[in-house]
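**Q** Output the structure for:
(chains A and B)
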Amino acid sequence: GNSVTQMEGPVTLSEEAFLTINCTYTATGYPSLFWYVQYPGEGLQLLLKATKADDKGSNKGFEATYRKETTSFHLEKGSVQVSDSAVYFCALTQTYGGSQGNLIFGKGTKLSVKP
Amino acid sequence: GAGVSQSPRYKVAKRGQDVALRCDPISGHVSLFWYQQALGQGPEFLTYFQNEAQLDKSGLPSDRFFAERPEGSVSTLKIQRTQQEDSAVYLCASSLGDFREQYFGPGTRLTVT
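**A** Numbering: from 1, shown residues only, chains lettered A, B, ... in the order given. So this is what the prediction gives:
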């Protein structure tokens, strides 16, 4: 079945450090891929998405590229800020086969950025 | 505008009690999803509505779980005879339609003692 595997946390970085959170997926067909973020005390928010191979999603300085050959969608940011401290979830949705777009999530990676 | 709201935000139930969790989606959103998020895990799909029709309930873990959306707006997730393993955060999300961006509510944290 479809699944998402992301690196376990927590991840602790100093401000302005480079961030990578690895995400790989297993899916039939051509899923759409997402990164969601959950800030402390808030609901899940869509951070970025990519709907086909080689697409790059970007938002708020974060980027992720849909790599079909490696079934990966790693999240990167060149210089993290304290305000980026949150839990990050990689997710996918099938785009065929009776699916209506329900999301399949990884377990989440908690990021803490220290000043 | 108003986002997705859920109530109550926190619920403590004794084992065996019935609970009802409410979701108010964004006005005009056709699609509504329920997810269950256990501690330290990612959300897992429970059920999906398109307007008032429940089109997918494949993720409901047992027949103690029941969801409805009678007028195609507010939805209620009901859990009968709660068990400790039901303790989790229950998330509701709505969207304009299939495969459109899902907007999540803050969740209801259910603790079964």
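
**Q** Just the local confidence number for residue B:65, please.
**A** Note for residue B:65: predicted pLDDT of 98.

**Q** Repeat that for the one 4 residues further on.
**A** The predicted local confidence for residue B:69 comes out at a pLDDT of 97.

**Q** List the residues that contact it.
**A** By CB atoms under 8 Å, 6 or more residues apart in numbering or on different chains, the contact list for residue B:69 reads B:32, B:49, B:51-52, B:54, B:75-76. Bear in mind the C-beta positions are built from the backbone N, C-alpha and C, glycine included.

**Q** out of the residues you listed, who has the most neighbours?
**A** residue B:32 (27 neighbours; other CB atoms under 10 Å in any protein chain shown).

**Q** Surely residue B:85 is within a helix?
**A** Yes. Assessed with DSSP: H, G, I helix; E, B strand; the rest coil, residue B:85 lies in a helix.

**Q** distance of it from residue B:98?
**A** 31 Å (CB to CB, to the nearest Å).

**Q** Of the two, give the one with the bigger neighbour count.
**A** residue B:98 (16 against 10).

**Q** For the more buried one, which non-adjacent residue is closest in space?
**A** The shortest distance from residue B:98 to any residue other than its chain neighbours is 4.6 Å, reached at residue A:100 (CB to CB, 6 or more residues apart in numbering or on different chains).

**Q** And for residue A:56?
**A** Of all residues not flanking residue A:56 in the chain, residue A:65 sits nearest, at 4.7 Å (CB to CB, 6+ apart).

**Q** For residue 93, report the pLDDT, please.
**A** The chain I'm using is chain A. On pLDDT, residue A:93 comes in at 89.

**Q** Chain B, not that one
**A** For residue B:93, pLDDT reads 96.

**Q** Count the residues that sit near the residue in chain A that chain B sits nearest to.
**A** With CB to the nearest CB as the measure, residue A:105 is the residue of chain A nearest to chain B, at 3.2 Å. Counted with other CB under 10 Å, the neighbours of residue A:105 add up to 22.

**Q** Next, the contact list for whichever residue of chain B sits closest to chain A, please.
**A** Nearest to chain A in chain B, going by CB to the nearest CB, is residue B:42, at a distance of 3.2 Å. Contact partners of residue B:42, counting by CB under 8 Å, 6+ apart, are A:4, A:89, A:91, A:105-108.

**Q** swap in residue A:9?
**A** So residue A:9 contacts A:87, A:108-111 (CB under 8 Å, 6+ apart).

**Q** of those, list those near chain B.
**A** Among the contacts of residue A:9, the ones lying near chain B by CB under 8 Å from any CB of the partner chain are residue A:108.

**Q** Determine which two of the contacts of residue A:9 are furthest apart.
**A** Spatially, the most separated pair among those is A:108 and A:111, at 10.0 Å (CB to CB).

**Q** Assumed the residue of chain B closest to chain A was part of a strand.
**A** No. Looking at residue B:42 with three-state DSSP, it is coil, so not inside a strand.

**Q** Please name the nearest non-neighbouring residue to it.
**A** Distances taken as CB to CB, 6+ apart put residue A:105 closest to residue B:42, at 3.2 Å, once the chain neighbours are dropped.

**Q** where exactly do the strands run in the chain?
**A** In the absence of a named chain, chain A is used. In chain A, strands defined by DSSP state E lie at A:3-6, A:11-14, A:19-21, A:23-26, A:32-38, A:45-50, A:56-59, A:62-65, A:75-77, A:86-93, A:104-105, A:109-114, listed in chain order.

**Q** looking at chain B here, not the other one
**A** For chain B, the strands defined by DSSP E occupy B:5-7, B:10-13, B:19-24, B:31-37, B:44-50, B:53-56, B:65-68, B:75-79, B:88-95, B:103-104, B:108-112.
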